[in-house]
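[1] curious how this folds, go ahead:
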Amino acid sequence: MKPARLTVLVRLLSLLILALATSSLWAGDDPPHILLDAHFDDHAVDQPIGTGGAEAGEPVTMDLLLDAIVRQDADDPDNHLLALSTTASSSRPIRFEFLEQTEISHGRLLVSVRITFPDADFGQAVLYLREQGTAAKQFLSMNLQNTGTIRINDAAGLALVIPNAIPFGQSMLIEVIHDLDWRSYDLLIDGVAMLSNRSHGITDRGIGAVIFALQHQAEFDETRVLIDDLLVARWLPDMIFAHGFEGPR
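    Okay, the predicted model is just below:
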């Protein structure tokens, strides 16, 4: 297992252990269930990605004007990345869904991904978390701009603007942890908390898709981004209550 993917899985385990340690009222816990593990290492280099879905570690759909090619990591030949690129002037998406087209509306859900912008010569890139099958529910929209600024929106409105946040030429680890019982989420970038217990404003659906979208700007030859280690995991605590206190949510 490559080091980057191992780091993500270790962080998933550490999040679960932290929850367990916060209360003596914890009765037990279902183990984390991996819903999507797209690490691309078992895909042929320099070939387009397929659309076999979560079972194959692949998207379910992608725009015809978006190229999605598996590439070898320049810094680690054993590591494969998914290179997304487009010259289209309007937004072009690639959509990943979960095993068995699951939509999660209860418990905790971790979405983790490594994103690299080789340089600032791109247009717009957006990471979306949406419901299964469609894209009407804005659980998260993370807009990554070539100025280095990251803007985060959800159904409740603008959540955060982070200037100078993109480390061009280096990967950044984005982790979103949704508590779907409390309808809130945390956002971490490279392990640093950017949002905590943010209410997203959606009450009638769950999360079932991770979408990336690119939009080209004419002054650049091509809009390009690399993604890797896309992981979605869910865990559902088995809670008990005592003396009027509630265990960790």
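[2] specify the beta-bridge partners of Gly157.
    As for beta bridges, Gly157 partners with Asp154 under DSSP bridges.
[3] could I get the pLDDT score of it?
    pLDDT recorded at Gly157 is 97.
[4] look up how far Leu65 lies from it.
    In this view, Gly157 and Leu65 are 30 Å apart by Cβ to Cβ, to the nearest Å. Where you see a C-beta, it was placed from the backbone N, CA and C, and this is true even at glycine.
[5] for these two, indicate the residue with more neighbours.
    When Gly157 and Leu65 are compared for neighbours, Leu65 comes out ahead with 13 against 9, by other Cβ atoms under 10 Å.
[6] and the longest strand out of those in the chain, how far from the chain's centre?
    Criterion DSSP state E: the longest strand present in the chain is strand 223-235. Distance of strand 223-235 from its chain centroid, counting by Cα atoms, centre = their mean, to the nearest Å, is 5 Å.
[7] now for that strand, which elements pack on it?
    Here strand 223-235 touches helix 3-21, strand 33-38, strand 76-86, strand 108-116, strand 124-130, strand 209-215, going by 3 or more Cβ pairs under 8 Å, 6 or more residues apart in numbering; DSSP states H and E.
[8] give the residue spans of this structure that score low on pLDDT.
    For the chain, residues meeting the criterion pLDDT under 70 lie at 1-31, 218-223, 237-249.
[9] so what's the residue count around Val111?
    23.
[10] ah, wrong one, I meant Gln47
    Neighbours of Gln47 using other Cβ under 10 Å come to 10.
[11] and it, what does it touch?
    Ile69, Val70 (Cβ atoms under 8 Å, 6 or more residues apart in numbering).
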